[in-house]
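> Starting from these lines, generate the structure:
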Amino acid sequence: MGMEKVMAEEELEKRIDISSILLCLCISFLLLMMISFSVYLLFITPIDETCKKDSGFVPPSNVPIEDGRYFYSFCKSSLKAAPGSGGADLPELGLVAIRLLRDNTTDTLGYIRQLIGKKGLDPSVKRLLENVCLVLYSAGVGKLTDEVIEEYKANKFFKALIHVSTVLTSSTACEDSFREVGLVSPLTKQNNDAKWLSLISLRIMDMLEK
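Numbers count the residues shown, from 1 in each chain. Next comes the predicted model:
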């Protein structure tokens with residue numbers, strides 16, 4: 001009887017030891033998960049959140065995101081290279097994106113004028129540059145004023161959304177005008193940059209409104 005009691009006590013101690021080990025393992029695992037998640041949060045920046053492919057942002061139907069991977073790459077590289085983006089929060093990134101878009105459209109407008117004045121330019125290309133792209137980009141640059149930026153800063157996104165969408169539509173229409181008549185656009189890079197920068201700006205405002 002005494003022997004059975006000793007064996008029972010030893011068996012109980014073994015079970016307690018196993019339970020303690022399992023409990024320690026569970027606690028260690030939870031701590032590891034918490035540490036890992038904390039480290040993850042430290043390295044995830046507003047730029048990563050803005051540019052990720054699964055944000056739920058739906059672009060205008062006439063301007064699909066053909067390649068989500070390219071958008072992610074363009075978005076990250078453009079925002080990270082921009083002055084003032086380091087350590088910026090989401091609203092500040094929106095300002096960075098709008099200013100990048102304004103600089104892009106201003107530079108493109110100057111380049112269009114330069115191309116129009118170029119000797120030996122295909123008359124059909126020149127005609128589209130003058131009658132379509134110059135008109136559209138002039139309107140686009142005129143829309144991205146300091147007033148729009150001030151409205152954005154005041155969280156009044158309606159005007160900014162309209163004007164950024166205008167630039168988006170203008171750059172797309174400029175590029176399409178060449179393709180529709182079988183001509184090679186001399187502004188493909190500029191139009192694509194304007195499109196992607198517009199989409200970045202719209203995405204940020206969409207995130208801020210939620």
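> And the residue nearest the centre of this structure?
The residue lying closest to the centre of the chain (Cα atoms, centre = their mean) is Cys51, at 3.5 Å.
> neighbours of Ile116, just the number please.
Ile116: 15 surrounding residues under other Cβ atoms under 10 Å. Where C-beta positions appear, they are placed from N, C-alpha and C, glycine not excepted.
> Now do the contacts for it.
126, 129-130, 134 (Cβ atoms under 8 Å, 6 or more residues apart in numbering).
> hmm, 6 Å instead?
129-130 (Cβ atoms under 6 Å, 6 or more residues apart in numbering).
> got it, and Leu90?
Pro46.
> Buried residues, stretch 99-119. List them.
Under the neighbour-count criterion of 16 or more other Cβ atoms under 10 Å, stretch 99-119 has 99-102, 104-105, 108-109, 111-112, 115 buried.
> In helices, which of those residues appear?
Among the buried residues of stretch 99-119, DSSP state H puts 99-102, 104-105, 108-109, 111-112, 115 in helices.
> from those, which is closest to Ser198?
Using Cβ to Cβ, Leu101 comes nearest to Ser198 of these, at 6.0 Å.
> my guess is that closest one contacts Leu197, does it?
Yes: the pair Leu101 / Leu197 is scored as a contact, 4.2 Å apart, by Cβ atoms under 6 Å.
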